[in-house]
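Participant: Pasting the sequence and the predicted model now:
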Amino acid sequence: MVTKFPDVWTLLSDARRRYGELFAEEPPQAAACAPGRVNLIGEHTDYNQGFVLPMALPFVTVVVGGPTSGQGVTVVTAAEDADEPRRVDFSLTGDGCSLSPGLPRWANYVKGVIQHYRAPGLPNFRAVVASSVPLGGGLSSSASLEVAFYTFLQQLKPDNGEKLGKVLACQQAEHTHAGVPCGIMDQFVSVFAREGHALLIDCRSLEATSVPLADPSLVILITNSNIKHSLTGSEYPTRRRHCEQAASALGKDSLRDVTIKELEEAKEKLDDVIYRRARHVIEEIQRTVQAAEALKKGSYKEFGQLMVESHNSLRDLYEVSCKELDELVSAAMEVEGVFGSRMTGGGFGGCTVTLLQAHAIDKAILHIQEKYSGTPTFYVTTPSEGSRTLSLI
Ligand code: GLA
């Protein structure tokens, strides 16, 4: 009932085997991986310079490869989403167009990372990519590919090793090459996460605090609605624009600097939609800080209540949920032993995250399955570590 995914070592050996089959004459010399993430609370707050509280997943993207004496770059993906070619060849030099976004779409993340890589003089190389992060599920498969690829490139031609620069370069890759004006959360947690911890990120100062989350009596359940979400449509950029409009109408740089009192005082002069978007963001930022405090104290009940408030606000004020996600959250909340549940990520499909007592897991899965009108997939997860190199010895 719970979907199991290959661990990092299985993915690595699959990718190595594939690499050997394709490029037998030059063995791989470097390997790296980076995780997907689930956001526990703090949704649509990162691009408003607010707080977020994600954790890295045990699902990772692995990149294996090495420099080649041959021409150009070749990257092959083992991903299952195979309505596109799995192999791409392009050149690092030449007319400058070879790194422009195009088809296949998955390769745009790779090209974007190369474009924004922070050290000149990358050699030509070959690489194979394998991933266990569900695609289009709102679990940051794209950030994990960007960060894993960056970490791989660091071994071919080291940059200065500064981690924040790496995060920003990967975020830029997403902006310029995938056309998604995302915030910083996904790439940040994929680089900085610590095993057994969630990460409270202040998206204004870009400082982060690890919050322990390894209580064995607790389970973090992810339920995939299997409604594919995509942030490349107009909804995500529109939400972002509305927030900017709200901040500027209130004379502030970002909604981080606006209090609820200030918002209420300005309510009359704001368009209703803009008002509701801003209200979500301002309250969600407060909720996230409060939730991190609750987690530190082990107050799971309070944490769970904040999760539900977050979901309701995303549904009613920010309007990024959908009927399927609402069904999953309602079903989860009917189970004894569940502290809280909410949609996670950009919205419009993808997954919910549920915090519950370990003993309630079977009951929760059965109940959600019974109540959900679609076909859900379940992942039981633990907070995992951020990007790293992998040994090939
Ligand atoms: C997507 C983006 C993130 C963040 C979330 C919403 O995952 O990539 O930067 O904005 O949506 O919280």
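Facilitator: Sure, I can see it.
Participant: Could you use CA atoms for every contact and neighbour count after this?
Facilitator: OK.
Participant: What values do phi and psi take at the residue in the stretch 251-393 of the chain that the ligand sits nearest to?
Facilitator: With C-alpha to the nearest ligand atom as the measure, G346 is the residue of the stretch 251-393 of the chain nearest to the ligand, at 3.5 Å. The phi/psi pair for G346 (degrees, to the nearest 10) reads phi -60, psi -30.
Participant: and it, how many residues sit next to it?
Facilitator: The burial metric for G346, expressed as a neighbour count using other C-alpha atoms under 10 Å, is 24.
Participant: how far away is it from G298?
Facilitator: 27 Å (C-alpha to C-alpha, to the nearest Å).
Participant: Residues of the stretch 151-300 of the chain that sit close to the ligand?
Facilitator: C182, G183, I184, M185, D186 (C-alpha under 6 Å from any ligand atom).
Participant: Which pLDDT value does the model give the first one?
Facilitator: In other words, C182. C182 is assigned 96 on the pLDDT scale.
Participant: was I right about it contacting E174?
Facilitator: Yes: counting by C-alpha atoms under 8 Å, C182 sits close enough to E174 to count as a contact (7.2 Å).
Participant: Could you say which helix or strand holds F378?
Facilitator: In this assignment (DSSP states H and E), F378 forms part of strand 377-381.
Participant: How far off centre is that strand?
Facilitator: 16 Å (C-alpha atoms, centre = their mean, to the nearest Å).
Participant: CA-only coordinates of it, as PDB, when you get a sec.
Facilitator: Presented in PDB, the C-alpha positions along strand 377-381 are these (Å, rounded to 0.1, in the frame of the first residue of the first chain):
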ATOM      1  CA  THR A 377      -0.300   6.900  -3.600                       C
ATOM      2  CA  PHE A 378       1.300   6.900  -0.200                       C
ATOM      3  CA  TYR A 379       4.900   7.600   0.900                       C
ATOM      4  CA  VAL A 380       6.000   7.300   4.500                       C
ATOM      5  CA  THR A 381       9.000   9.600   4.800                       C
END
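Participant: Count the neighbours of G66 for me.
Facilitator: 21.
Participant: Look at it and give its secondary structure.
Facilitator: strand (DSSP: H, G, I helix; E, B strand; the rest coil).
Participant: Any idea what it is bridged to?
Facilitator: R126 (DSSP bridges).
Participant: residues contacting it?
Facilitator: Residues near G66 by C-alpha atoms under 8 Å, 6 or more residues apart in numbering: E26, P27, P28, Q29, A30, F125, R126, A127, L156.
Participant: Need phi/psi at the fourth one.
Facilitator: Geometry field for Q29 lists phi and psi as phi -120, psi -10, criterion degrees, to the nearest 10.
Participant: Test my guess that it contacts L392.
Facilitator: Yes: using C-alpha under 8 Å, Q29 is in contact with L392, at 7.3 Å.
Participant: Make CSV out of the contacts of G66 and add neighbour count and pLDDT.
Facilitator: Shown next, in CSV, are the contacts of G66 (neighbours: other C-alpha atoms under 10 Å; pLDDT from 0 to 100):
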residue, neighbour count, pLDDT
E26, 15, 85
P27, 15, 89
P28, 21, 95
Q29, 15, 96
A30, 21, 98
F125, 21, 97
R126, 23, 97
A127, 26, 98
L156, 18, 97
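Participant: And these, which is closest to the ligand?
Facilitator: A127 (25.0 Å).
Participant: any idea how far the closest one is from L218?
Facilitator: 38 Å.
Participant: same question, Q286
Facilitator: Counting by C-alpha to C-alpha, the gap from Q286 to L218 is 24 Å.
Participant: So for those two, which sits in the more crowded spot?
Facilitator: Higher neighbour count among Q286 and L218: L218, with 20 against 15, using other C-alpha under 10 Å.
Participant: what residues are up against the more buried one?
Facilitator: Residues in contact with L218 (C-alpha under 8 Å, 6+ apart) are L355, L356, Q357, A358.
Participant: among those residues, which are within reach of the ligand?
Facilitator: Within the set of these, contact with the ligand (C-alpha under 6 Å from any ligand atom) is found for no member.
Participant: any chance of these in TSV, plus secondary structure and pLDDT?
Facilitator: Putting these into TSV (DSSP: H, G, I helix; E, B strand; the rest coil; pLDDT from 0 to 100) gives the following:
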residue	secondary structure	pLDDT
L355	strand	98
L356	strand	98
Q357	strand	98
A358	helix	98
